[in-house]
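1. Sequence and computational prediction follow.
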Amino acid sequence: MLVSPALNPALREARFDGDTPLDPSGAHAARTAAPHLPAADRYAAGASARCRATARELSLGDPGTLEVAPAGWGSGRWSGRRMDEAAAEPEAVAAWASDPEAAPHGGESLRGLLDRGGAWPEAGAGDGGTAPPARGVVRLLAVVEPAVVRAAVTHALALPPAAFWRLDTGPLTLTTLTGRPGRWNLATGPPPAPAGAVRGEG
């Protein structure tokens, strides 16, 4: 089970890799969602401040004791920029959006993200994706960056890399993958709290 982080200023402004603290409405939305989350056997969170803060507001435990989930998509020199600022390099953006192997920003390619973050559900969680798979049925709930959620779905369903761009992951969205390596199912449904609370309204 994968939960995307609550809203923060960087998400509101569509910034690359904008690891800033949650804003008050995002923190409130996470606290509102907390009672609606399904139970799990293991809990994890990405290393970013917004993932860790979201995990704390969701009452998943002390962020320092949670298992380590994969980091977000490394965006190199575009880190912190808005999408419209990166658009000042149209050829680089076009290559980034069309070629899974391209990394014109000097960061991680889409292929790298899919291989690293997408394969994580099959690899285990203890050290960010290199731990051996857990035995038996284990329910894992992890707060991870939206790009990691999209990569996990793309990889699990054996979709072509281009499908990554067609997947949307809003704040505090719960995405559930069930099954086993090589045979995953995607369970879709409502977010773990009323829509208004997830958006940070009220």
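-> That came through fine.
2. Show me what the helix or strand hosting Ala152 is packed against.
-> Counting by DSSP states H and E, the element that carries Ala152 is helix 146-156. Other helices and strands packing on helix 146-156, by 3 or more C-beta pairs under 8 Å, 6 or more residues apart in numbering; DSSP states H and E, are strand 2-3, helix 110-116, helix 120-123, strand 174-180, strand 183-187. Where you see a C-beta, it was placed from the backbone N, CA and C, and this is true even at glycine.
3. Try it again at 6 Å.
-> Contacts defined by 3 or more C-beta pairs under 6 Å, 6 or more residues apart in numbering; DSSP states H and E place helix 146-156 against helix 110-116.
4. Show me which residues of the helix it packs on are buried.
-> Within helix 110-116, the residues that qualify as buried by neighbour count (16 or more other C-beta atoms under 10 Å) are Leu110, Gly112, Leu113, Leu114, Arg116.
5. Repeat that for stretch 38-56.
-> Tyr43, Ala44, Ala45, Gly46, Ser48, Arg50, Cys51, Arg52, Ala53, Thr54, Ala55, Arg56.
6. Kindly check the end-to-end length of that stretch for me.
-> Length of stretch 38-56, first residue to last, C-alpha to C-alpha, to the nearest Å: 16 Å.
7. cool, and stretch 32-48?
-> End-to-end span of stretch 32-48 (C-alpha to C-alpha): 21 Å.
8. before we move on, back to that, and the buried residues of helix 110-116, which is closest to Gly61?
-> Distance ranking of the buried residues of helix 110-116 against Gly61, using C-beta to C-beta, places Arg116 first at 24.8 Å.
9. any idea what sits nearest that closest one, other than its immediate chain neighbours?
-> Pro70 (6.1 Å; C-beta to C-beta, 6 or more residues apart in numbering).
10. In the protein, mark out all the strands, start to finish.
-> Using DSSP state E, the strands assigned to the chain run over residues 2-3, 42-45, 67-68, 140-143, 174-180, 183-187.
11. Include mean pLDDT when you put the ones you listed into a markdown table, please.
-> Below are the strands of the chain laid out as a markdown table (pLDDT from 0 to 100):
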| stretch | mean pLDDT |
| --- | --- |
| strand 2-3 | 94 |
| strand 42-45 | 94 |
| strand 67-68 | 92 |
| strand 140-143 | 94 |
| strand 174-180 | 89 |
| strand 183-187 | 88 |
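12. Pick the most deeply packed of those strands.
-> Most buried of the strands of the chain by mean neighbour count (mean count of other C-beta atoms under 10 Å) is strand 2-3; its value is a mean of 26.
13. Packing partners of that strand?
-> Secondary elements touching strand 2-3 (3+ C-beta pairs under 6 Å, 6+ apart): none.
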